[in-house]
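Undergrad: from the sequence below, what's the structure:
(2 chains)
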Amino acid sequence: EIVLTQSPGTLPLSPGERATLSCRASQSVDSSYLAWYQQKPGQAPRLLIHGTSSRATGIPDRFSGSGSGTDFTLTISRLEPEDFAVYYCQHFGGSPPYSFGQGTKLEIK
Amino acid sequence: EVQLVESGGGLVQPGGSLRLSCAASGFIFSSYSMTWVRQAPGKGLEWVSYISSSSSTIYYADSVKGRFTISRDNAKNSLYLQMNSLGAEDTAVYFCARERASARFDPWGQGTLVTVSS
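TA: This is a model prediction of the structure:
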């Protein structure tokens, strides 16, 4: 089983700052199958990044993804007020075939 | 517009059953694999089940295997999740999502709440 561990659990930052969120896999994974989602309270998750670094349709370019092997990063270059939310990484592969990280809550400092 | 709308959630007693539905529109439903993901109150996302476009391949999380059954009706553009032997640990919002290339989930429905309680 591939376990995804996200850090930090909570990240307090201010609008305009840079956010760096980490997702670490328990074993090396195929970066083609690493995605990031944003979830706001009371809403469904929204796809941000797929294939480690490809932005989904309509996602602003302040969101970027990178990484390989076991270490992956979601970066938000300049935080906007609407970016404060919970972020999840997700992977496909292994058994069970899909896994999510436990989430990082990005909160206003 | 691509849209997924879940229904069928509600309050059910422990040991009971419930059938969730997900109505799809705005895309060729029969061409896409689909998945169910759940989220317990205040918790993170948990993948539940997957079904391929033709129903030929199905996967379940260990936590629901033997109790839940995923199915689809491509003629009705609908996805289903039959949930039996429900326990308190199944209390969650259940989301359906379309799977696209690279196993990404996009979009998601708004979710339907299942509460298991006596």
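Undergrad: only C-alpha atoms for contact and neighbour calcs from this point on.
TA: Noted.
Undergrad: quick one: name the residues of chain B near chain A.
TA: B:44-47, B:59-62, B:95, B:102-111 (Cα under 8 Å from any Cα of the partner chain).
Undergrad: just the buried ones from those, in ChimeraX syntax?
TA: Burial among the residues of chain B next to chain A is assessed by 16 or more other Cα atoms under 10 Å in any protein chain shown; the matching ChimeraX selection reads:
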select /B:44,45,46,47,59,60,61,95,102,103,104,105,106,107,108,109,110,111
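Undergrad: next step: the residues of chain B next to chain A restricted to strands.
TA: Members of the residues of chain B next to chain A lying in strands (criterion: DSSP state E): B:Leu45, B:Glu46, B:Trp47, B:Tyr59, B:Tyr60, B:Phe95, B:Arg104, B:Phe105, B:Asp106, B:Pro107, B:Trp108.
Undergrad: partners of the nearest residue to the third one once chain neighbours are set aside in the sheet?
TA: Among residues not flanking B:Trp47 along the chain, B:Val37 sits closest, at 4.3 Å (Cα to Cα, 6 or more residues apart in numbering or on different chains). Beta bridges link B:Val37 to B:Trp47, B:Phe95, judged by DSSP bridges.
Undergrad: quick check: B:Val37 touching B:Val48?
TA: Yes. Using Cα atoms under 8 Å, B:Val37 is in contact with B:Val48, at 5.1 Å.
Undergrad: these two: who's more crowded?
TA: B:Val48 (26 against 21; other Cα atoms under 10 Å in any protein chain shown).
Undergrad: what residues are up against that one?
TA: B:Val48 makes contacts with B:Thr35, B:Trp36, B:Val37, B:Arg38, B:Tyr60, B:Ala61, B:Ser63, B:Val64, as judged by Cα atoms under 8 Å, 6 or more residues apart in numbering or on different chains.
Undergrad: contacting residues for the residue sitting furthest away from the middle of chain A?
TA: Centroid-distance maximum for chain A: A:Ser95 at 21.1 Å, with Cα atoms, centre = their mean. Neighbour list for A:Ser95: A:Glu1, A:Ile2 [criterion: Cα under 8 Å, 6+ apart].
Undergrad: now do it, the pLDDT please.
TA: In this model, A:Ser95 is scored at 82, pLDDT.
Undergrad: now do the SS call for it.
TA: Secondary structure, DSSP: H, G, I helix; E, B strand; the rest coil: A:Ser95 is coil.
Undergrad: and what of A:Val29?
TA: Taking three-state DSSP, the label given to A:Val29 is coil.
Undergrad: residues contacting the nearest residue to it once chain neighbours are set aside?
TA: Nearest-residue entry for A:Val29: A:Gly69, 5.6 Å, with adjacent residues in sequence omitted and distances by Cα to Cα, 6+ apart. Going by Cα under 8 Å, 6+ apart, A:Gly69 touches A:Ala25, A:Gln27, A:Ser28, A:Val29, A:Asp30, A:Ser31.
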